[in-house]
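# Could you work out the structure for the sequence below:
(2 chains)
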Amino acid sequence: MLPISLTSSQQLIWLGQQLSPDSPLYNMVFTFKIKGNINEDLFKKAFQLLGEESDALRTTIHVEDALPFQQIAECFNYDLPIFDFSKNHDNWEEEVDLWLNSKKIEVFQLDKVTFDSALLRIPNGYIWYFNEHHITSDGWSFGVLYHRLMELYVYHLDHDRGDAINSLPTLKKYLLGQANTNDNDGLQLNKTYWKEKVSNLPDPINWTNQIVKNTGTKAERIQINLGLERTQKVKELVNRDGFRSLMKPVTLMNIFSTVTYTLIHLISESNEVALGLPFHNRRTREEKASAGLFMEMFPTSVDISPEETFYTLFQKTRDETFNLLKHAQAGLSTAEIVKSFQVVLNFIPVVFKDFDQIPTDVNWLLPNHIDAQHHMKIQIADFTASENYTLYCDFNNDIFPDEDTRKYIINLFISLLDQLIENPSLSLKECELLDEHASDKILKEFNNTDKEYEEEGTLINLFEKQAQISPDIPALKYENEVISYAELNERSNQLANYLEYRGVKNGDVVGLMLNRSFEMVIGIMAIQKVGAAYLPLEPTYPENRINYMVRHSQVKLIVTRKTHLSGFRDFIEDYVCLKDEREDISKQKNTYTSDTKLTNTAYVIYTSGSTGKPKGVMIGHQAIKNRILWMQDTFPIDKKDKVLQKTPFSFDVSVWEFIWPLITGAQLVIARPEGHKDNLYLQELIFTEGITITHFVPSMLSLFLRHANLDKCNSLKHVFSSGEALPKAMAQNFLNHLKTTKLHNLYGPTEAAVDVTHWTCDLSDGYDQVPIGKPVSNTQVYLLNKSLNPVPLGFVGDLYLGGVQLAKGYLNNEELTNERFIKNPFDKSGKTKIYRTGDLASFNKDGVLNYHGRSDFQVKLRGFRIELGEIENVLLKLPLVLKVKVILVENKPIDKKLVAFLVVAEFIDAAEIKLKLSKLLPEYMIPSSFVPVSEMPLTPNGKIDMKLLISQYEDNSNSRNEEKLFVAPRNEMEEFIAEIWVDVFGFENISVDDGFLELGGHSLIAIRIAARIREQLEIDIPINAVFETQTISLLANYLEVKIEKMLLEDDL
Amino acid sequence: MKNEILTYIKETILSDSSLELTPEDDLLNSGLIDSIGIVKLVAFLEKEFNVSIPPEEMLIENFVDVNAIVEFLKLSFPA
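Numbers count the residues shown, from 1 in each chain, chains lettered A, B, ... in the order given. Okay, the predicted model is just below:
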């Protein structure tokens, strides 16, 4: 048997199979259900004759020296098995499905056989099952073999019909011709065309904005009939002027391409769109009559302009298809070309006639896997010429894990096709991402939070009312001191009168600089009673920050204690010293009639954004009232409850801690200053006081869970968590230990009255991460794309908030207010605003929100969305790493790379870090440089100075680039590998630091390296290890670790 | 012109010079020439007769047989 090289398309298939050796991704599985009687013996005979004629069926694939080749056997002996499913009349279909489902995913041993087939007896007919590996077949090939099998069968049944003479042409001529492709000018020209095409294709598509790590081959198929009417309409369009052309199948392909381009454009919001198309590549009549793999794939791409209509896009598509046909040439499709696009569209014009005039159904089965590099394959066919197209759409499971997303995309495809048929001159801008039903669901149903609260007045009025209802019960407790509701109200009234006396008016801002104490609560109440807004000023804050807040907010005066004033006196002009002026205050009347309106500002809290100066968020009484009443309505508390006040009052969570208990008759237990950082103190306090309600930021909750004796804390009814993402494992740990306590995850920016969404954690909810839940009352959540259109279910969008809880804006900063609080595009009255949070989130089908991080901490690199914090977290888990900052350094727009700056306890080799990271992160998330720094440089307000870090890095790398050194192998293992590399690359002087890809490495070379290692060391390594380690030195390291591990295992 | 086109179709597109092909033979509906063949043929016509054929002119009636092609070329590109 003559060994024949693989054609280039066979090589691609072989490589793909090597990269996923256990995946049946290339099984092409067809079933032909013949609904009538056939002669079994003759069918078997016909199949035998078919195999004798078809080179493809006698082909096997072998490997020598890591190089694949094929052999075509002289003889064919295949006893087509027959399985009987006809006895079971009731559920033979289920049994057949079961059988087929297990058969279709069997992985071929290509050196033995490249196809599988059987005849199944079913009631009143047969199913012919035929499964070929893609390495010897394509769609066209199936048509050829089916029809030849039928001819042979018919001929032997009845010599007057059928045809025994026109045997299938031999494949060898094509295979050998391909192996020595003639080198002419046209070929070079076409090669250049594809090289340029690939280099100009857009970044990989980001479908749902979710962060996708590695893609495997697992796939799901959605199969759907387009229907007689729609099929008819598409066919009419093909004949319409402007659309019609020489070849109907090409025009059809162009129509479906236009729809697919539009789909990708709308979802990704990208104006450059690429699409892979198959090219059947059968040129001569002989080739057209041949079975085997001829098909190759090439990319097409379009630039979509803002004025684009379906028709203008169709014209661009037609020109692109023409370009493809012009430049596609056998043997030109390479691994680089095939992985340059993510979506494949295939219009398959193959038709299988009825078998010997017996009605025959055709089905094409997916082996549950597709090529890992393709996100989606859209295939359209009408195998039985039923005038009803079937859409076979295959989705990569890692890209589209959610069934609803897959269905959504199919529905969008069909809807776009309908819109194109209906009105080809429709502008793409008019195409909706969501139909009315879906958009109603997302915009209205999920946001149906309307709720009217009966309570009148402000929260201050509600507190005063409570003080009348229960004057004598304790309102506040601090250490061993207690004051009653009546006393709290009276002392607040006195301070309110005094503040008025000191000139404070409705609408002013009054600073409050105190430690946690009764006075703090009295101050909060008194300032609000006057109709002023309180501004928390932590006495521990640095001077320049206090200075900034005091000046920027133009405070009327500051309520404080003398001890806090030292250091700030230079710029604090007017203040009330509670201790010094105690007598004056206590002389005031202990009644006060508050004139505070719901439109007044209740408090101003300064937050520091990721950039720029701190900004003062103004929250109105209406907003905070809604938030507190929602909480009381959802988790009612009363005088039996005790709420722990431990959150610093500059953090807005403290607002509900202060106010909620005091409008319900519950008791507020105040933790001592700095006590919120002491877990044992907190545990003691919860236990001795019998606290029922408390709040934890997740990082504090984690410490609490680790250190506290949780059995003692069973008085807790509700624990609220917010401020950071709540990890699932922590929630589980919590619920496992505190069985009678409910844990709630809340979410909200300072700009929307503390919290706007909530979720009660449940061990059995089946979610991968703890959701941030659903919006609170009178609150709307919108997840929007860049054009402010809602994103579909399951897709990640920018989170915008609407409703009564929105802040009134930023104090004395109209510009920023107008930038972040924009007109609500979903309110026709045009009166309301929505706030852009800068957070990313997605809805699930029940309207539950999931959090996906900050949009400003995410960067895009080579089309991948990367969260830098995620890389930092992984690095921090490595031993010896103390501090980390990962930055995307951008020299030129095209030259971007991830650089990690590290403070380490002792020297760590960058190569070692890389190797460790390669086990924890996908390749594109691994920084390309690691820069040790002695300390993180800080900006004046305490944040890491990224500009300084980047400039240090640039100086450093400029001097380094000039002297890239050759590093010779330093140990035996490196020497061993260097020898292999020199062999397979074919040149000397490879430095142990040289990158595999930079040297021109590709899959085939990786396979040869892996094979050499297997031969000489008897160690199996995955081909991906070569890609992942990248250098001789890291590969050596990898192997040493592997060998060590094997030795250890042997010892055991 | 006719003969040049017939020869090109037989020898280059179909790789079969012994084939009997007349100017009246249907090239498209018979499946004799497919999309790849058409693209080759267009490239040949453009080069050989120094014309430029835009995609919207690539219609069945202009390419259905060799007679039609010659007619189309004469009409669209009068010498």
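
# what's the neighbour count on the spatially closest residue to A:I585 that is not a sequence neighbour?
Setting aside the residues directly before and after it, A:I585 is nearest to A:Y498 in space (C-beta to C-beta, 6 or more residues apart in numbering or on different chains), at 4.7 Å. Glycine gets a C-beta too; all of them are placed from N, C-alpha and C. The number of residues packed near A:Y498 is 22, by other C-beta atoms under 10 Å in any protein chain shown.

# same question, A:D435
A:D435 has 13 neighbours, counted by other C-beta under 10 Å.

# Go ahead and confirm it touches A:I414.
No. With contact defined as C-beta atoms under 8 Å, A:D435 does not count as touching A:I414 (10.8 Å).

# any idea how far the helix or strand where the residue nearest to A:I585 lies is from the chain center?
Per DSSP states H and E: A:Y498 is located in helix A:485-501. With C-alpha atoms, centre = their mean, to the nearest Å as the basis, helix A:485-501 stands 53 Å off its chain's centre.

# for it, which positions count as buried?
Residues of helix A:485-501 classed as buried: A:485-500 (neighbour count, 16 or more other C-beta atoms under 10 Å in any protein chain shown).

# got the CA positions of the helix or strand following it in PDB?
Counting by DSSP H and E, the element after helix A:485-501 in chain order, helix or strand, is strand A:509-513. Output in PDB follows, covering the C-alpha atoms of strand A:509-513 (Å, rounded to 0.1, in the frame of the first residue of the first chain):
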ATOM      1  CA  VAL A 509     -25.200  71.000  54.700                       C
ATOM      2  CA  VAL A 510     -24.000  70.300  58.300                       C
ATOM      3  CA  GLY A 511     -20.800  68.400  59.000                       C
ATOM      4  CA  LEU A 512     -20.800  65.700  61.700                       C
ATOM      5  CA  MET A 513     -17.400  64.700  63.000                       C
END
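
# packing partners for strand A:509-513?
helix A:518-529, strand A:533-536, helix A:543-553, strand A:557-560 (3 or more C-beta pairs under 8 Å, 6 or more residues apart in numbering or on different chains; DSSP states H and E).

# and which of the buried residues of helix A:485-501 is nearest to chain B?
Comparing those against chain B with C-beta to the nearest C-beta places A:L499 closest, at 80.4 Å.

# For the one helix or strand A:D1050 maps to, name the packing helices and strands.
Assigned by DSSP H and E, A:D1050 belongs to helix A:1032-1051. The contact analysis (3+ C-beta pairs under 8 Å, 6+ apart) places helix A:1032-1051 against helix A:910-918, helix A:972-985, helix A:1003-1017, helix A:1023-1029.

# can you rerun that using 6 Å?
Judged by 3 or more C-beta pairs under 6 Å, 6 or more residues apart in numbering or on different chains; DSSP states H and E, the packing partners of helix A:1032-1051 are helix A:910-918, helix A:972-985, helix A:1023-1029.

# Single out the residue in the stretch 651-800 of chain A that lies closest to chain B.
Closest residue of the stretch 651-800 of chain A to chain B, C-beta to the nearest C-beta: A:S787 (31.8 Å).

# Which pLDDT value belongs to that residue?
Among the per-residue scores, A:S787 shows a pLDDT of 84.

# One more: A:I950?
pLDDT at A:I950 comes out at 82.

# Pick out the residue in chain B sitting closest to chain A.
Residue of chain B nearest chain A, by C-beta to the nearest C-beta: B:V39 (4.1 Å).

# Distance-wise, check that residue relative to A:N190.
Distance from B:V39 to A:N190, counting by C-beta to C-beta, to the nearest Å: 12 Å.

# Please settle this for me: is A:F30 part of a strand?
Yes. With DSSP: H, G, I helix; E, B strand; the rest coil as the criterion, A:F30 is part of a strand.

# wait, what's in contact with it?
Remark: with contacts taken as C-beta atoms under 6 Å, 6 or more residues apart in numbering or on different chains, A:F30 is in contact with A:F130, A:F142, A:W364.

# Kindly recompute the last result at 7 Å.
By C-beta atoms under 7 Å, 6 or more residues apart in numbering or on different chains, A:F30 lies in contact with A:F130, A:F142, A:V362, A:W364.

# do A:P24 as well
Under the criterion of C-beta under 7 Å, 6+ apart, the neighbours of A:P24 are A:I105, A:E106, A:V107, A:P367, A:H369.
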